[in-house]
Each structure stands twice: as structure tokens, then as C-alpha cells.
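> kindly generate the corresponding structure for this input.
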Amino acid sequence: MDFHKDILKVDFNSEVERICSFIRQQVREMRREGAVVGLSGGIDSALAAAVCVKALGKEKVFGLILPEKESMMFLSYPYSHEKLPRPET
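Okay, the predicted model is just below:
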């Protein structure tokens with residue numbers, strides 16, 4: 001493989017569609033109805049969730065908030081279904 005500046009040029013729309021096709025194929029082959037995505041609060045899990053929703057539809061994607069040491073204080077919030085307060089910076 002030759003390395004040059006054009007190697008970083010990406011057709012983002014076609015890449016998203018390629019990944020969505022892969023997700024749909026995997027869900028179909030595993031005979032599942034949807035996907036569970038672990039959400040850490042970072043960009044990686046947020047992007048994974050967004051692509052799954054694009055591929056499968058929001059009704060077939062379940063986001064599971066995973067504990068992380070810096071967000072543990074929010075896990076004990078008594079009304080987890082309500083909007084959580086933002087941490088002070």
C-alpha cells in the first residue's frame with residue numbers, strides 16, 4: 001500500500017452506509033431483532049449508537065448506560081428517567 005495525502009480522503013456517506021449494511025447483515029444472521037449498545041458517555045459509544053439507530057431504527061436499539069468512575073455519582077440519582085444535572089466544571 002502506498003502512503004500519500006490522498007489516503008485520508010474518505011467518502012463518509014458511503015462508509016456509513018457500508019457499516020449500516022454490515023450491522024443489518026449481522027443482526028439478520030444472528031437472528032436477532034435489534035442491538036444493545038453500551039454507552040460510556042464518550043464519542044465512540046455515541047457514534048456506535050447513532051450508526052445502529054441509522055441501520056436498524058430507534059425502536060430496535062437499546063442504549064445501556066455503563067458505569068464509569070467519573071460518572072458514578074449520577075448513577076445514584078433517584079429519578080434516573082429524568083434529566084440528570086450536568087457536572088460543574
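
> do a quick rundown of the strands in the protein.
Read by DSSP state E, the chain holds these strands, from start to end of the chain: 35-39, 61-65.

> and those as TSV, adding distance to residue 53 and mean neighbour count?
Where C-beta positions appear, they are placed from N, C-alpha and C, glycine not excepted. Putting these into TSV (distance: least, C-beta to C-beta, whole Å; neighbours: other C-beta atoms under 10 Å) gives the following:
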stretch	distance to residue 53	mean neighbour count
strand 35-39	9	15
strand 61-65	5	15
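
> distance to residue 24 added to those, as a markdown table?
Listed next are those as a markdown table, based on distance: least, C-beta to C-beta, whole Å:
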| stretch | distance to residue 24 |
| --- | --- |
| strand 35-39 | 10 |
| strand 61-65 | 12 |
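
> could I get the ones you listed as a markdown table with mean pLDDT?
Listed next are the strands of the chain as a markdown table, based on pLDDT from 0 to 100:
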| stretch | mean pLDDT |
| --- | --- |
| strand 35-39 | 94 |
| strand 61-65 | 93 |
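
> ok, which of the ones you listed comes nearest residue 13?
Put simply, out of those the one that sits nearest residue 13 is strand 61-65, at 20.4 Å, with distance taken as C-beta to C-beta.

> next one: the nearest residue to residue 45 once chain neighbours are set aside from residue 2, what distance?
The shortest distance from residue 45 to any residue other than its chain neighbours is 4.8 Å, reached at residue 39 (C-beta to C-beta, 6 or more residues apart in numbering). Between residue 39 and residue 2 the computed distance is 38 Å (C-beta to C-beta, to the nearest Å).
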